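>>> The sequence and its predicted three-dimensional model are supplied below.
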Amino acid sequence: MMRTDDYEEEDWADDDLPSDDDDDSTILCPYCKLPIHEETVRCPHCEQYISREDAPAPAKPWWMLLAVAVCLYVIYRVWIVGR
C-alpha cells in the first residue's frame, strides 16, 4: 500500500491541480465591495442593482399623483360643469 507521502509534486500533472483561472470570474460590487459574479444583475449581498438600466423604474411620489388628480378635478369643474 502506498502512502500519500510517497508521491512527489512532480507526479502531479498541471491539469490535476486547481487553477486560479476559473470560468466564474468575479468583480467587486460597487456598493458593498464584496465579490460577485461578473455577469450578475443584482448583488446577492446588498441587493443593489449593478447598472441603472437593470434597475426597475422608481415609483412616482404620492404627492405628484395627488397634484395631477387635483388639477384634473379643477379642469373638470371649470370647463365641464362651469362653476
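Perfect, thanks for sending it.
>>> Do a quick rundown of the strands in the protein.
All strands of the chain, identified by DSSP state E, fall at 26-28, 35-37.
>>> by contact count, what packs against the last one?
Based on contacts counted as 3 or more Cβ pairs under 8 Å, 6 or more residues apart in numbering; DSSP states H and E, the elements that strand 35-37 packs against are strand 26-28. Quick note: C-beta positions are derived from backbone N, CA and C, even for glycine.
>>> Next up, the contacts around residue 43.
29, 31, 32, 34, 36, 49, 50 (Cβ atoms under 8 Å, 6 or more residues apart in numbering).
>>> isn't the fourth one right up against residue 45?
In this case it means residue 34. Yes - using Cβ atoms under 8 Å, residue 34 is in contact with residue 45, at 4.7 Å.
>>> Could you report the pLDDT at the nearest residue to residue 28 once chain neighbours are set aside?
Counting by Cβ to Cβ, 6 or more residues apart in numbering, residue 35 is the residue found nearest to residue 28 once chain neighbours are left out, at 6.1 Å. The model reports residue 35 with a pLDDT of 92.
>>> quick one: residue 27 and residue 82, what's the gap?
Distance of residue 27 to residue 82, given as Cβ to Cβ, to the nearest Å: 64 Å.
>>> Next, count neighbours for the residue nearest to residue 27 when sequence neighbours are not counted.
Among residues not flanking residue 27 along the chain, residue 38 sits closest, at 5.2 Å (Cβ to Cβ, 6+ apart). Neighbours of residue 38 under the rule other Cβ atoms under 10 Å: 10.
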